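Q: Sequence first, then the predicted structure:
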Amino acid sequence: MSARRADGSAAVLVGIDTAAVIDLETRAVRTEPLPFAITPLVRVALGPDAGVVAVADAGTLRIWDMDTGTVETASLPDGRPTVVGFDGAGHVAVVVGSEDPTLVFFDAATAERVTPVADTFAGAILDARVGSSGLLAATSAGARRWQAGATTPERIDAPWGTDTDLAFAADRDDVVATLTSEGLFAWRGAQEVPLFQRTADTQRWPFAVSNDGSLAASTLDGLVRVWDGETGLPIGAPRTVGGGLVTEMAFTTGQSVALLVVDTTKVEPTLELVEIDLDPEQWAAQACAVANRNLGEDEWARDVGPLVPYRSTCL
């Protein structure tokens, strides 16, 4: 199970007996053995402080400090955890169950429950994330936001409220990518931009959106596709990521997207951080270097994309 930090700067990947924290800016990878047992249904989150991981399993929340080795534990309501994350006010939010779910906030330092003990709400959570605004969720009744200690959720006006899968910007509620039965879309407020038409395939694709909504990316069948979030136009040709399984993707602070790729073909699966440059001008230069000649217009459209006007790039 993997998860990104709320600000998009790092990610955590938790296996059966090992956890890896990856800095998406420096590409540094830190691995530590898990000090407790987990089940395959675990949900994880990476805190704002380096090395602090929340692990929600059936009946138990653990907040693990990888630096000190301490593990704070708390009991969860009955049911399967579906969402866990750190908010911007020193809390860990956990949602248990998908139909008529229960939301509980905990102190991130002590794992003590924050009043109210639990908040139940009607309807099903389709997807959610926890960030500085609390819990932001797409539910069967529309988009909702909860702050720690709130007795009732705040309903927000969002046209994507009942879509199936969501990718939120690092810290903006109005910038969202949605994956529906029809395809992949980018949203900036109420403006919808179609990116990729979905086929009969029903699997969930890893996808992400940049903080300002200007870029969106997705991976499917070993290919990474990138679009301009305002026009929906593709940026360059799809890029290959090798034979591994992409478990998480996020935009870095620069003009690139980082992928966590697990090579499942080996006896001991390995983790690799792959970074793809998204600067269209850089793609044009790379296309020239590979072909060792100027590209034709059809090649340009395929390999560089429509955002960069066609021209000679090889001198």
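A: Arrived safely.

Q: hey, where'd the helices end up in this protein?
A: Under the criterion DSSP state H, helices of the chain are mapped to 280-291, 297-303.

Q: Distance to A45 added to these, as JSON lines?
A: In this view, the C-beta of every residue, glycine as well, is placed from N, C-alpha and C. Below are the helices of the chain laid out as JSON lines (distance: least, CB to CB, whole Å):
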{"stretch": "helix 280-291", "distance to A45": "33"}
{"stretch": "helix 297-303", "distance to A45": "38"}
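
Q: Mean neighbour count, these: which tops it?
A: helix 280-291 (a mean of 16; mean count of other CB atoms under 10 Å).

Q: related to what we said a few turns ago, which one of the helices of the chain has the lowest average pLDDT?
A: Note on these: lowest mean pLDDT is at helix 280-291, with a mean of 72.

Q: can I get the CA coordinates of that helix in PDB?
A: Output in PDB follows, covering the C-alpha atoms of helix 280-291 (Å, rounded to 0.1, in the frame of the first residue of the first chain):
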ATOM      1  CA  PRO A 280       7.700  20.400 -23.900                       C
ATOM      2  CA  GLU A 281      10.800  22.300 -25.100                       C
ATOM      3  CA  GLN A 282      13.000  19.700 -23.500                       C
ATOM      4  CA  TRP A 283      11.000  16.900 -25.200                       C
ATOM      5  CA  ALA A 284      11.600  18.700 -28.600                       C
ATOM      6  CA  ALA A 285      15.400  18.700 -27.900                       C
ATOM      7  CA  GLN A 286      15.300  15.100 -26.900                       C
ATOM      8  CA  ALA A 287      13.400  14.100 -30.000                       C
ATOM      9  CA  CYS A 288      16.100  15.800 -32.200                       C
ATOM     10  CA  ALA A 289      18.900  14.000 -30.300                       C
ATOM     11  CA  VAL A 290      17.200  10.600 -30.700                       C
ATOM     12  CA  ALA A 291      16.400  10.900 -34.400                       C
END
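
Q: So what sits opposite R43 in the bridge?
A: R43 has these beta-bridge partners by DSSP bridges: A56.

Q: between the helices of the chain, which one is nearest to G142?
A: G142 lies closest to helix 280-291 among the helices of the chain, at 36.7 Å (CB to CB).

Q: Off-centre distance for the closest one?
A: 29 Å (CA atoms, centre = their mean, to the nearest Å).

Q: Run through who's touching it.
A: By CB atoms under 8 Å, 6 or more residues apart in numbering, the list of residues contacting helix 280-291 from outside reads 235-236, 277, 294-295, 299-300, 303-305, 307-308, 313-314.

Q: Ok, stretch 38-53 next?
A: Here stretch 38-53 makes contact (CB under 8 Å, 6+ apart) with 1-7, 10-12, 14, 16, 19, 21, 30, 54-58, 63-67, 80-86, 88, 92, 94, 108, 130.

Q: let's go with 7 Å and repeat that
A: For stretch 38-53, contacts defined as CB atoms under 7 Å, 6 or more residues apart in numbering pick out 1, 3, 5, 10-12, 14, 19, 21, 54-58, 63-67, 80-86, 108, 130.

Q: ok, back up a step: of the contacts of helix 280-291, just the buried ones, ChimeraX syntax please.
A: Listed next is the ChimeraX selection for buried residues among the contacts of helix 280-291, using 16 or more other CB atoms under 10 Å:
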select :235,236,295,300,303,304,305,308,313
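
Q: Going by distance to E99, which of the contacts of helix 280-291 wins?
A: Nearest to E99 among the contacts of helix 280-291, with distances taken as CB to CB, is I235, at 39.1 Å.

Q: Can you name the residues that contact the closest one?
A: Per CB under 7 Å, 6+ apart, neighbours of I235: 226-228, 278, 280, 305, 307.
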